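A.B. asks: Provided below are the primary sequence and the corresponding predicted coordinates.
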Amino acid sequence: MATHRAVTAMSNTSNATTSAMDPIGTAVATKGTATVSGRELPERADRARMRVERHARIQHELARSDLDALVLSGTSAVTYTTGVELPGCDPARAALWRTVAVVVSGAEHPHLFIAEPAAAPPGLPPGHVHPAAPPDLRDGAARLAEAVRDLAGAHATIGLDELPHPLRRALGDMELRSASAVMGRAKVIKTVDELACIRRAQHVTEAAMLAVEPMLREPGVTQIELSATFARRVVELGAEQVGIDPIWQVMPRTAAQGPWTTHGDLAFPTPSANVELRDGDVIWVDSGIHVGGYASDFGRTWLVGPDPTPSARQQEQFERWLAVLRASLRQCRPGGSTLEVARAAEEAHRGEGRPWVSHFYLAHGVGTDSAEMPMIGTDLGERFDEGQILAPGMVLVFEPIIWDDGSAGYRAEEVVAITDDGWMPLGGGHPYYPFTVPAEMT
Amino acid sequence: MTRHTPPNVDHDPAPLRDRPPLGDPSTIDDAGLRAERRDRLFAAMSDHDLDVLVLARPAEVAFASGARQLWTAGSRPFGPASVAVAATGRVHLLSVSDFDVPPEIPHEDLYGLWWNPANLARDLASIPGLREAKRVGTTSSSPGFADLLASVAPDAREVDGSPALWEARTPKSPAEIDRITGATAIALDTLGALERGLSVGVTEAHLRAVWLSELATAGAPTPPTEAVARATGRGAVDDTAVFQRLDSTVALAEGELVALDPGAFFRGYEGGVGRTRVIGSSPSPQQADLAARVDEATEAVIERCVAGTTGVELVEAWETTGLAVPLMPLVTGVGLGMEPPVIGAALGHDSVLVDRCVLAVTGWAGSEGAGSVLRRDLVAVDGNDPRVLTAHVPTALDSMSTTVTTARPARSEGEP
């Protein structure tokens, strides 16, 4: 495929991984003719253009809907609709001291309700940046409802992502519907600037991970020590948020040795703690950060010890994982259905069932949410997957799992964007170290 | 599978180099505290005549269940993450695994993660007592929730469950205040690291990197907010909230004031302290005067942090000192993260302080040519006695906090 830049393993030493500490800026650009709707991804996102094009997408979907306006208070939705980039914070704070977006159908700009006007993105004209009106507080909700009536009309039909009780009371008898269809249809297709943000977030994450993985050469290192190094590096490299407490899960040899689960399948992910890692431990890594409001999603399997050379069984698990990934990617093209992608993954798994945990998916999208549509292989079922058609600008994070009960397994993630004629990686070719891509698979 | 992994039994805690006095910050709470919180929750549900309370926020779920769940930044969509049923006294939890789920929540009370609402509804429908419920409280809601509720509890009416939730959560037990103090000790350690990192040429982003790393090293990697260090400038002062803005890569300059507002979590509970320091040399007389005025105004508010005080009285306490009320909240609740009340220039004036709540009091003022000064203290309301949990942290602009780290266990014990 023209846009396919092969993901190659780096040389099998930790020195090589540390010497590759600075892939940002040098390994960013995808060579070739990777285009999305006829445009190449910019080296760096044009944030102003991104805001304008996102607003156009929202307005397009609003016009197709029966909604007159959106009132949005979820962090990811506010970021998407207004471009405001807020500091990462605990969900309790984010859900109480909310920044709110109001988007009126047909209007040229969104409205932002925020505590600090200086945090508003440039380009919002006067009159569009309002004092904070947190909808979970009675007086905040009253202020917001008054503004909504003023901006959208007292009899408008409003789409919301969340409806705190004070806001419900303050909106009175206005017609309230879900914003999810409008938001979902707008968000699922990324502009080239959004893709550039995701790519940048992915590269920052990968660069930081190059500083973390060598820490596993010394057994006794703890999960939180890995988290400390990771957090420091991502911020130094330009991340705006650590999106998730990084996961460094020690995998058991059998599912039954791990935590009990509701479905009998693997427990993943489990949160990190002050847990020492031992020589020979198999570690499943999963983490993400935000750049420009856009999430990354990093996954790898690592081995603990001074000599992390995989066993023959472990290397073979990795090769099966790679085969599943590649079979899935071969089905990634505009117009293809996501059911074809799921079936290709299952076939490459050689009749051993679906190569992913049953509460998740083979792949999910990423954007201002760390997991969003399209999702492939969920409990929404095959008819849903069949009706979900890939289009240029969609993003897929593939995270298949190979599991041999008794010998643990392999899991990693790769992020790709659907292009005009196939797909392109949004990662920077991060090594699979200590696993090696066999010569016949490169 | 019937095996039940006791909480943290598979954890092999490493010796934390600077372990806070209460132990490891990233484990689930002890059984006594969990039982007490559960009692408070069901008592409040009874007071408010709720048959069922549907909980969504991670902090609510932690309060009701004691489970430690994966932390993510930002708000999460509303959904039934936990369901407390009055008739059975059981707390049901959305959790695929029993990892860090306390033993009082048996496997049959866990339900799975679904993307298909029909599957979620099927799991919820099997919760004993839900189908018969008449009054179902929710702590927030969404436009689609009524349909889901009707499918699992056909006779139920959805009501605002947040008054019951806050009745249970707002007054803190001594064990909860211990955890807030533990979190504050971690935050204070990170304040020391931030102070040591202050020098000409350093950026806000670098300070945030230092702080996140220190937090994780202390065993408490998840931040209350990443807005932790703010250079306040010397010129035209933006006398408004400053901690909603992302940090910059502009280098700190000699004589500039830097507001440091580190927080931390200890087993889900938030602690923190805010202080302002000067870069390099001693503060100018004008800067020292500004800091003194912020001290005076902040302490005027703290003095009024007693049970029964209203929000407007707190705002007036600040205003009587002659300083403008900042746009950021003057007083907020603190517990399992940020909590009500939220009191400020235009918010929460009719809030009434509840006995045994814990508050964060934040003072902020700027002046042309000096920069701006932030001060944040934690106050435990105890009847008529505001107990300042951060009183030992110096406010002088050129002080260092490392020498006041008294909350640690005595390091000299057992040492030669």
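C.D. replies: Arrived safely, thanks for sending.
A.B. asks: which stretches of chain B form helices?
C.D. replies: Along chain B, the segments classed as helices by DSSP state H run B:31-47, B:58-65, B:117-125, B:145-152, B:162-169, B:174-196, B:204-217, B:285-303, B:311-319.
A.B. asks: Can you tell me the closest non-neighbouring residue to the residue most central in space within chain B?
C.D. replies: The residue lying closest to the centre of chain B (CA atoms, centre = their mean) is B:Gly337, at 2.0 Å. For B:Gly337, ignoring the flanking residues on the chain, the nearest one in space by CB to CB, 6 or more residues apart in numbering or on different chains is A:Ala92 at 2.7 Å. Just so you know, the C-beta spots here come from the backbone N, C-alpha and C atoms, and that holds for glycine as well.
A.B. asks: For that neighbour, which residues are in contact?
C.D. replies: Going by CB atoms under 8 Å, 6 or more residues apart in numbering or on different chains, A:Ala92 touches B:Arg57, B:Pro58, B:Ala59, B:Glu270, B:Leu336, B:Gly337, B:Met338, B:Glu339.
A.B. asks: try 7 Å
C.D. replies: A:Ala92 sits next to B:Arg57, B:Ala59, B:Leu336, B:Gly337, B:Met338 when contact means CB atoms under 7 Å, 6 or more residues apart in numbering or on different chains.
A.B. asks: Tell me the one of the residues you listed nearest A:Leu112?
C.D. replies: Distance to A:Leu112 across the contacts of A:Ala92 (CB to CB) is lowest for B:Met338, with 20.6 Å.
A.B. asks: Would you confirm that that closest one contacts A:Ala94?
C.D. replies: No: at 8.8 Å, B:Met338 does not count as touching A:Ala94 under the criterion of CB atoms under 7 Å.
A.B. asks: Could you list the low-pLDDT ranges of the chain?
C.D. replies: With no chain named, the answer covers chain A. A:1-33, A:442 (pLDDT under 70).
A.B. asks: wrong one, I was asking about chain B
C.D. replies: B:1-22, B:234-247, B:402-416.
A.B. asks: Could you identify the longest strand within it?
C.D. replies: As assigned by DSSP state E, the longest strand anywhere in chain B is strand B:371-382.
A.B. asks: Show me what it is packed against.
C.D. replies: Judged by 3 or more CB pairs under 7 Å, 6 or more residues apart in numbering or on different chains; DSSP states H and E, strand B:371-382 is in contact with helix B:174-196, strand B:257-260, strand B:269-272, strand B:275-278, helix B:285-303, strand B:358-367, strand B:385-388.
A.B. asks: Could I get the ones you listed in TSV, plus columns for mean neighbour count and distance to chain A?
C.D. replies: Shown next, in TSV, are those (neighbours: other CB atoms under 10 Å in any protein chain shown; distance: least, CB to the nearest CB, whole Å):
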stretch	mean neighbour count	distance to chain A
helix B:174-196	22	11
strand B:257-260	24	13
strand B:269-272	28	7
strand B:275-278	25	17
helix B:285-303	19	18
strand B:358-367	25	11
strand B:385-388	15	22
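A.B. asks: How about the contacts made by A:Met375?
C.D. replies: A:Met375 touches A:Tyr361, A:His364, A:Gly365, B:Trp115, counting by CB under 7 Å, 6+ apart.
A.B. asks: go on, B:Ala220?
C.D. replies: So B:Ala220 contacts B:Pro25, B:Ser26, B:Ile186, B:Ala264, B:Phe265, B:Phe266 (CB under 7 Å, 6+ apart).
A.B. asks: Out of those, which sit inside strands?
C.D. replies: Here DSSP E is the test, and the contacts of B:Ala220 give B:Ala264, B:Phe265, B:Phe266 as lying in strands.
A.B. asks: Looking at these, which is nearest A:Ile189?
C.D. replies: Closest to A:Ile189, out of all of these and judged by CB to CB, is B:Phe265, at 37.3 Å.
A.B. asks: Quick check, that closest one in contact with B:Thr225.
C.D. replies: No: between B:Phe265 and B:Thr225 there is no contact under CB under 7 Å: 11.2 Å.
A.B. asks: Please identify which of the ones in strands among the contacts of B:Ala220 is nearest to chain A.
C.D. replies: Closest to chain A out of those is B:Phe265 (7.5 Å), distances taken as CB to the nearest CB.
A.B. asks: which residue does chain A bring closest to chain B?
C.D. replies: A:Ala92 (2.7 Å).
A.B. asks: I'd like the next helix or strand past the host helix or strand of that residue.
C.D. replies: Using DSSP states H and E, A:Ala92 sits in helix A:91-96. Remark: after helix A:91-96, the chain's next helix or strand is strand A:100-104, criterion DSSP H and E.
A.B. asks: I would like the residues contacting that following strand, please.
C.D. replies: Contacts to strand A:100-104, defined as CB under 7 Å, 6+ apart, come from residues A:58, A:62, A:69-73, A:77-78, A:81-82, A:110-113, A:133, A:135, A:144, A:147-148, A:151-152.
A.B. asks: Keep only those of those residues that are in helices.
C.D. replies: Per DSSP H, the contacts of strand A:100-104 map to helices at A:Ile58, A:Leu62, A:Ala77, A:Val78, A:Thr81, A:Thr82, A:Leu144, A:Ala147, A:Val148, A:Leu151, A:Ala152.
A.B. asks: Can you lay out those as TSV showing distance to B:Asp398 and neighbour count?
C.D. replies: Listed next are the ones in helices among the contacts of strand A:100-104 as TSV, based on distance: CB to CB, whole Å; neighbours: other CB atoms under 10 Å in any protein chain shown:
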residue	distance to B:Asp398	neighbour count
A:Ile58	50	25
A:Leu62	54	22
A:Ala77	44	27
A:Val78	39	27
A:Thr81	44	26
A:Thr82	40	30
A:Leu144	43	27
A:Ala147	44	18
A:Val148	48	27
A:Leu151	48	18
A:Ala152	52	23
